[in-house]
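[1] Sequence and computational prediction follow.
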Amino acid sequence: MRINRLLLAAALLSWASVASAQTFGPPIKGMCLLSRSGAINASLAGQSLQAQLGQMRASLNGELAQRRNSIEQQRRQLEARQNSTTPIEYRRQLASLDQQMETIEQQQNARFIAAQARGQQQIDGALGRALAQVVTRSGCSLVLERDHSYGWNNAMDITDAVTKEMNGLLRAVVLS
């Protein structure tokens, strides 16, 4: 049964790759197709952003784990002193530790989101400039998102040209 599923999955994958490689009809003059995500993911800047965000996520997770351990240690110390502390004071200190942890997580998320936005702005700028140059050079009157099409003539696809142009404009993003 499992082998049948694997064979079926392999057949579907090979069919999908054949279907996407087909060319539908003649190219339409002035109509161009762009895979925005394909251009960004294939570009050096897009790869740079993903790598830097991955490093930043790992660093922030490590920092968060250290700070979480410190707060957990403070929580254990507080719990050990629970009998010598008034119930109101115990709950206040416990709430303070919970608030510290929540604040740290929010700060880490905000730092990551801000860095991601800075990188995405740089990529969007390079993509816009690259697209403008390729559209002018290719004589595009209309550019549509390729990823939302059922099929196309590959001669209308400007994704690779935009990616190459982006690579000439922005090779790496700067998150700092």
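    Perfect, thanks for sending it.
[2] Can you tell me, leaving aside adjacent residues, what's nearest to the spatially most central residue of the chain?
    The chain has Gln50 as the residue nearest its centroid, 6.5 Å off, counting by C-alpha atoms, centre = their mean. Of all residues not flanking Gln50 in the chain, Asn41 sits nearest, at 7.9 Å (C-beta to C-beta, 6 or more residues apart in numbering). Bear in mind the C-beta positions are built from the backbone N, C-alpha and C, glycine included.
[3] Burial check on the one you found, number of neighbours?
    Around Asn41 there are 13 other residues, counting by other C-beta atoms under 10 Å.
[4] For it, give me the pLDDT.
    You'll see Asn41 listed with a pLDDT of 97.
[5] ok, back up a step: what helix or strand is the residue nearest to the centre of the chain on?
    helix 44-80 (DSSP states H and E).
[6] What helices and strands are in contact with the following helix or strand past that helix?
    Moving toward the C-terminus from helix 44-80, the next helix or strand (DSSP H and E) is helix 87-138. If you count contacts as 3 or more C-beta pairs under 8 Å, 6 or more residues apart in numbering; DSSP states H and E, helix 87-138 packs onto strand 31-34, helix 36-42, helix 44-80, helix 159-169.
[7] Just the residues contacting the next helix or strand after helix 87-138, thanks.
    Per DSSP H and E, the first helix or strand lying C-terminal to helix 87-138 is strand 142-145. The list of residues contacting strand 142-145 from outside it, by C-beta atoms under 8 Å, 6 or more residues apart in numbering, reads 30-36, 131, 135, 158.
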